[in-house]
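Engineer: I'd like to go over a predicted model; first the sequence, then the structure.
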Amino acid sequence: MYDRDATAAAFGIELVEAAPDRAVTRMQVRPDMCNGLAVIHGAMTFLLADSAMAFASNSENDVAFATSAGIDWVAPATAGQWLTATAERRSGGGRSTVWDVTVTSSDDRQGDQTTIALFRGRTRKVGRPVVES
């Protein structure tokens, strides 16, 4: 799924980890991702969090689509910083699942993390494989 994700490629989103209960994505904030106040545009933060949820929810080879999501931005990030989104299953396991995603920032890939956003989303499995055998 990651290899076919043109949006992830366009924005430099890296898939760090994907498992049935968790996924981690990462990207470096570029100047063209920032708004007129020189901080990352909220939609870019949402995109990274949504991508983490997508990779977690589809990791069992059963197509799952987002049905709703919301985000709270709690701190800014600026060009050059690295953002990491960690999605974790909160409830579900049948067709519908609730996910919490924490987005953090740091000045390098492994540095001290500052929480910049909290995202909650819901997905629903549709009963077809992500990858055909």
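Structural biologist: Everything's here; your move.
Engineer: C-alpha only now, for contacts and for neighbours.
Structural biologist: OK.
Engineer: poorly predicted segments of this structure, please.
Structural biologist: Residue ranges of the chain with pLDDT under 70: 109-111, 133.
Engineer: got phi/psi on residue 77?
Structural biologist: Per-residue torsions, residue 77: phi -130, psi 150 (degrees, to the nearest 10).
Engineer: just the strands in this protein please.
Structural biologist: Assigned by DSSP state E, the chain shows strands spanning 14-19, 22-28, 64-73, 82-92, 96-106, 114-125.
Engineer: remind me what the second one packs against, helices and strands.
Structural biologist: What it means is strand 22-28. strand 14-19, helix 42-57, strand 82-92 (3 or more C-alpha pairs under 8 Å, 6 or more residues apart in numbering; DSSP states H and E).
Engineer: right, and these - which one's nearest residue 129?
Structural biologist: Closest to residue 129 of the helices and strands packed on strand 22-28, according to C-alpha to C-alpha: helix 42-57, at 12.2 Å.
Engineer: and the closest one, how far out from the chain's middle?
Structural biologist: Remark: helix 42-57 is offset 3 Å from the chain centroid, using C-alpha atoms, centre = their mean, to the nearest Å.
Engineer: okay, angle between that helix and strand 64-73 too, please.
Structural biologist: On the basis of axes from the mean of the first three to the mean of the last three C-alpha atoms, to 10 degrees, helix 42-57 is oriented at 140 degrees to strand 64-73.
Engineer: re the thing from before, would you list the strands of the chain in a markdown table and tack on mean neighbour count and distance to residue 2?
Structural biologist: Converted to a markdown table, the strands of the chain look like this (neighbours: other C-alpha atoms under 10 Å; distance: least, C-alpha to C-alpha, whole Å):
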| stretch | mean neighbour count | distance to residue 2 |
| --- | --- | --- |
| strand 14-19 | 17 | 7 |
| strand 22-28 | 23 | 11 |
| strand 64-73 | 16 | 14 |
| strand 82-92 | 23 | 15 |
| strand 96-106 | 23 | 18 |
| strand 114-125 | 20 | 18 |
